[in-house]
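[1] sequence-free structure coming up:
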């Protein structure tokens, strides 16, 4: 019975992959190239304005927050939330040609927009608060950026906002071999369907990801004597182990599908150090994370098999 279910699942996936790929192939991308280019330029202008406005917001002096700071930097908070709101609207209107910038896919209404904003709040205190440059950042051996207004604007725009906008273009990658890989990699039971082109592409992607993660490890171990760093690193890998364990326990009744919004959202919170590489990586991951929710929705990781 289990083998039959697996066979049905694989057949269904193959058919879905072929149909979706064929549908994507018929999209008139060449006819709308000017629209996407103009949309990208508009996105750059809006994110630049957001960066200029956000970095001008003053901080509030408070009792020291843990070991990190003695200021609540509202500039970072505003920059993060306004960037995500812009990203969701950009994907809805430019990438997916929706009339309402705050409505999600199909008949989902505004629920996905509000989910994104809700998820963004705890995420801010995990990674972006450390990565976004602010006037009142504490001294850090990796943070040698001048605290002038224009320096903060330039750094946050070119190392975070720009790559966030690039991450939002993930919609256009969902075609051809990348679309096929997306449908195959996330389902362990479908790995047997991968050919050498799929494997080579996945290998290249993994190399790029590993380079960025290796740099993050360098930062982690450079600060490993600080207790919160140990706790955070252990928790991040603990989360991966927990996902694997739950997937194993539910393997007979549920399929595990790691959607790209979840994968890049999880990679994003691994980048919690002040450094251009961390900023670029976090910005791009945040962009793909936003794109996944706006184009699709906040889908569950585990889904019960259809009998």
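    That came through fine. Keep in mind that what you see is a predicted model, and the values were worked out from it rather than measured.

[2] Every contact and neighbour count from this point should use C-alpha atoms.
    OK.

[3] Past the helix ranked longest in the chain, which element shows up next along the chain?
    Using DSSP state H, we find that the single longest helix of the chain is helix 196-222. Note on helix 196-222: by DSSP states H and E, the next helix or strand toward the C-terminus is helix 227-249.

[4] in what helix or strand does residue 71 lie?
    Using DSSP H and E, residue 71 falls in strand 69-72.

[5] Buried residues in stretch 191-200, which are they?
    Of the residues in stretch 191-200, residue 198 count as buried by neighbour count, 16 or more other CA atoms under 10 Å.

[6] before we move on, what about stretch 260-276?
    Quick answer for stretch 260-276 (16+ other CA under 10 Å): 260-262, 264-276.

[7] now do the same end-to-end measure for it.
    23 Å (CA to CA, to the nearest Å).

[8] Now do the same for that stretch: mean pLDDT, whole number.
    For stretch 260-276, the mean pLDDT works out to 87.

[9] How about stretch 100-119?
    Mean predicted confidence for stretch 100-119 is 93.

[10] re earlier: check the offset of the strand holding residue 71 from the chain's centre.
    26 Å (CA atoms, centre = their mean, to the nearest Å).

[11] Show me what the following helix or strand past it is packed up against.
    The helix or strand immediately downstream of strand 69-72 is helix 74-90, counting by DSSP H and E. With contacts taken as 3 or more CA pairs under 8 Å, 6 or more residues apart in numbering; DSSP states H and E, helix 74-90 sits against helix 33-54, helix 111-126, helix 128-131, helix 276-295.

[12] how much distance is there from the first one to the middle of the chain?
    Spelled out, it's helix 33-54. That offset, for helix 33-54, works out to 19 Å (CA atoms, centre = their mean).

[13] Repeat that for stretch 289-304.
    That offset, for stretch 289-304, works out to 11 Å (CA atoms, centre = their mean).

[14] Check stretch 242-258 too.
    Worked out by CA atoms, centre = their mean, stretch 242-258 lies 22 Å from the chain centre.

[15] May I see the buried residues of that stretch?
    Buried-residue list, stretch 242-258, by 16+ other CA under 10 Å: 247, 254, 255, 256, 257, 258.

[16] Any idea how far apart the tips of that stretch sit?
    14 Å.

[17] same thing with stretch 101-118?
    Stretch 101-118: ends 17 Å apart by CA to CA.

[18] What residues of that stretch count as buried?
    101, 102, 103, 104, 105, 112, 113, 116, 117.
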